[in-house]
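Colleague: sequence first, predicted coordinates after that:
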Amino acid sequence: MINVAIIGAGAIAGVQGEAFAGFPQWCQVRAVCDLYIEKAQDLIKNKGLSQAKAYKTMEEAIQEEEIDLVSICLPPSVHGKTAIQAMELGCHVLVEKPMANSLEECDQMLAASRRTGKLLSVVCQNRFKTPMQRVYRMLQDGVGGKVLHAVVNSLWWRGENYYDLWWRGTWDSECGGSFTSHSVHHIDLLLWMLGMPEAVTAVMKNVGHPNSELEDVGMAILEYPETFAHIGTSIVDYGEAQEIVFQTEKGRLNIPWSPAAAVPLSNGFPKQDESRERELDELYHAIPELELEGHGAQIKNLLLAIRGEEPLLTDGTEGRKTIELIMAIYKSAALRQTVALPIQEEDAFYRKETMIQKMPHFFQKTKSIENFASAEITLGRDVGK
Ligand SMILES: NC(=O)c1ccc[n+]([C@@H]2O[C@H](COP(=O)([O-])OP(=O)(O)OC[C@H]3O[C@@H](n4cnc5c(N)ncnc54)[C@H](O)[C@@H]3O)[C@@H](O)[C@H]2O)c1
């Protein structure tokens, strides 16, 4: 039986608690930890985690409950040090997105995983959704031929008061705005499907969140040897219409799914290619639906990987790629220049302290509250359709 501790009893911890509870044959949540112990107690009660006790610190929980797996649901600025400490104390680690503050911390986490032999997995629950798996498989199988252009619209909406929570809205504690906290999901998906670009050019601003130092809109253009991709990020988009689109030689592969194909008329204008569209649609639907999606599916894979029954699908090296691209985006936007990848160790954007000095601070955070009255969150409208 894998003994689990959930560290941080806020909004996402509830989603994780439910997910772990789905596998009573392999694991039990034995501890929930939070600075505010009453939040840990509430989570245990509300999610029916009857085998769990509430703790204030992770160290105490690991010692008392013989924990094997720690799930880190804390603010981003403490992901790195908590993960390293947990691995040093003999636990496997699942860490929420974003993996860490900086590439330096990602590398320290990866080194700790190698040193201790403990698994390190970064949450990217959207990979574990049927439309993502289908489009991924079609791209891997070369169904459309070459990708000519990719468009990612990672559009979200958050009210001004979103940034009132104490750890949000500063470079120091949140490590980034909409690119890091929201579009991290789509950036992970794009890198998984298309790979790392050679160079990035980006711009960003804060247009509607005056209690935050961070960006709330931005645009990044990614250069690949034979294609471009662009990522739009926003948290001022009503309706949160999100999409990932691959325009390939043989048609459009996209999420949400709506295949399109065309053949040229004699003047080069398009004529809809209905038979190709039907063919793409059949290939898409021939890939089976996942029985389990999101956090539950990722956690199942991690539990089976700990038991030695499946390879770990999303490890720390995958999480690091997303942070690397985001750091390249920030460097480009801050210095107003095109940035080549990879980011080297001697680069100011490899370390948190030197990176923050270079970043624009759009507004000063002046309002701060310890907790919201409700822990209810939404996880993106179209991201899994
Ligand atoms: N995968 C997703 O879709 C998704 C969605 C939302 C949030 N997240 C991520 O999950 C993480 C947590 O976000 P959240 O929305 O749940 O935040 P939250 O503020 O609701 O919860 C964080 C909890 O951690 C506690 N805490 C803070 N520092 C602590 C410490 N040092 N020791 C013990 N407890 C501490 C806080 O009291 C709080 O209860 C963030 O990294 C966020 O980006 C992921």
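Modeller: Alright, I've got the coordinates.

Colleague: report the buried residues of stretch 314-331.
Modeller: 314-316, 318-331 (16 or more other CB atoms under 10 Å). The C-beta positions use only the backbone N, C-alpha and C, and glycine is treated the same way.

Colleague: show residues contacting stretch 102-118.
Modeller: With contact meaning CB atoms under 8 Å, 6 or more residues apart in numbering, stretch 102-118 is reached by 79-81, 83-84, 86-88, 90-93, 95, 99-100, 119-120, 175, 315-317, 319-320, 323-324, 327, 343, 345, 349-352, 355.

Colleague: that older thread, just the buried residues of stretch 314-331: which are in helices?
Modeller: Counting by DSSP state H, the buried residues of stretch 314-331 place 316, 318-331 in helices.

Colleague: for the spatially most central residue of the chain, helix, strand, or coil?
Modeller: In the chain, the residue lying closest to the centroid (CA atoms, centre = their mean) is His185, at 3.8 Å. Following DSSP: H, G, I helix; E, B strand; the rest coil, we place His185 in the helix state.

Colleague: right, and it touches Cys124 too?
Modeller: Yes. Counting by CB atoms under 8 Å, His185 does reach Cys124; the two are 7.3 Å apart.

Colleague: now do the shared contacts for those two.
Modeller: Counting by CB under 8 Å, 6+ apart, the shared contacts of His185 and Cys124 are Lys97.

Colleague: please save the CA atoms from whichever strand or helix holds Asn254 in PDB.
Modeller: Using DSSP states H and E, Asn254 maps to strand 251-255. Coordinates of each C-alpha in strand 251-255 appear next as PDB, following Å, rounded to 0.1, in the frame of the first residue of the first chain:
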ATOM      1  CA  GLY A 251      -5.500  19.100 -43.100                       C
ATOM      2  CA  ARG A 252      -6.300  20.700 -39.800                       C
ATOM      3  CA  LEU A 253      -5.900  18.700 -36.600                       C
ATOM      4  CA  ASN A 254      -7.200  20.600 -33.600                       C
ATOM      5  CA  ILE A 255      -8.500  20.600 -30.100                       C
END
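
Colleague: following element in sequence after that strand, please.
Modeller: The element immediately downstream of strand 251-255 (helix or strand, assigned by DSSP H and E) is strand 262-264.

Colleague: could you say which helix or strand contains the residue of the chain most remote from its centre?
Modeller: Relative to the C-alpha centroid of the chain, counting by CA atoms, centre = their mean, Ser266 is the outermost residue, at 45.0 Å. According to DSSP H and E, Ser266 maps onto no helix or strand at all.

Colleague: next one: Asn46 from Gly22, what distance?
Modeller: For Asn46, the distance to Gly22 equals 16 Å [CB to CB, to the nearest Å].

Colleague: so which bits of this protein are right by the ligand?
Modeller: 8-13, 33-36, 39, 73-76, 78, 96-97, 123, 125, 165, 181, 375, 377, 379 (CB under 6 Å from any ligand atom).

Colleague: tell me, how many residues neighbour Leu302?
Modeller: Using other CB atoms under 10 Å, the number of residues around Leu302 comes to 25.

Colleague: contact partners for it?
Modeller: Leu69, His92, Leu94, Leu119, Ser121, Leu312.

Colleague: am I right that it is in a helix?
Modeller: Yes. Leu302: assigned to a helix according to three-state DSSP.

Colleague: still on that earlier bit, any idea how far the ligand is from the residue farthest from the centre of the chain?
Modeller: As for Ser266, its distance to the ligand is 49 Å (criterion: CB to the nearest ligand atom, to the nearest Å).

Colleague: was I right about Glu198 contacting Thr227?
Modeller: No. Glu198 lies out of contact with Thr227 (CB under 8 Å); the separation is 10.8 Å.

Colleague: who has more neighbours out of those two?
Modeller: Legend: neighbour count by other CB under 10 Å for Glu198 and Thr227, higher for Thr227 (17 against 11).

Colleague: let me know the pLDDT of the more buried one.
Modeller: Note on Thr227: pLDDT of 95.

Colleague: excluding its backbone neighbours, what's nearest it?
Modeller: Nearest residue to Thr227, sequence neighbours excluded (CB to CB, 6 or more residues apart in numbering): Val147, at 5.3 Å.

Colleague: burial count for the residue of the chain found nearest the ligand?
Modeller: Nearest residue of the chain to the ligand: Gly10, at 1.7 Å (CB to the nearest ligand atom). By the criterion of other CB under 10 Å, Gly10 has 20 neighbours.

Colleague: now do Arg351
Modeller: By other CB under 10 Å, 18 other residues sit near Arg351.

Colleague: name the element the nearest residue to it once chain neighbours are set aside belongs to?
Modeller: Closest residue to Arg351 apart from its sequence neighbours, by CB to CB, 6+ apart: Glu104 at 4.9 Å. Using DSSP H and E, Glu104 sits within helix 103-116.

Colleague: all helices for this protein, in order.
Modeller: If you assign secondary structure with DSSP H, the helices in the chain sit at 11-21, 37-46, 58-65, 79-88, 103-116, 130-140, 171-174, 178-181, 184-194, 274-286, 294-306, 316-335, 352-358.

Colleague: taking the ones you listed together, which one is wrapped up most tightly?
Modeller: Stretch with highest mean neighbour count among the helices of the chain: helix 178-181 (a mean of 26; mean count of other CB atoms under 10 Å).

Colleague: which elements pack onto it?
Modeller: strand 217-223, strand 228-234, helix 316-335 (3 or more CB pairs under 8 Å, 6 or more residues apart in numbering; DSSP states H and E).

Colleague: out of the ones you listed, which comes closest to Arg252?
Modeller: Arg252 sits nearest to strand 228-234 of all those, at 14.3 Å, using CB to CB.
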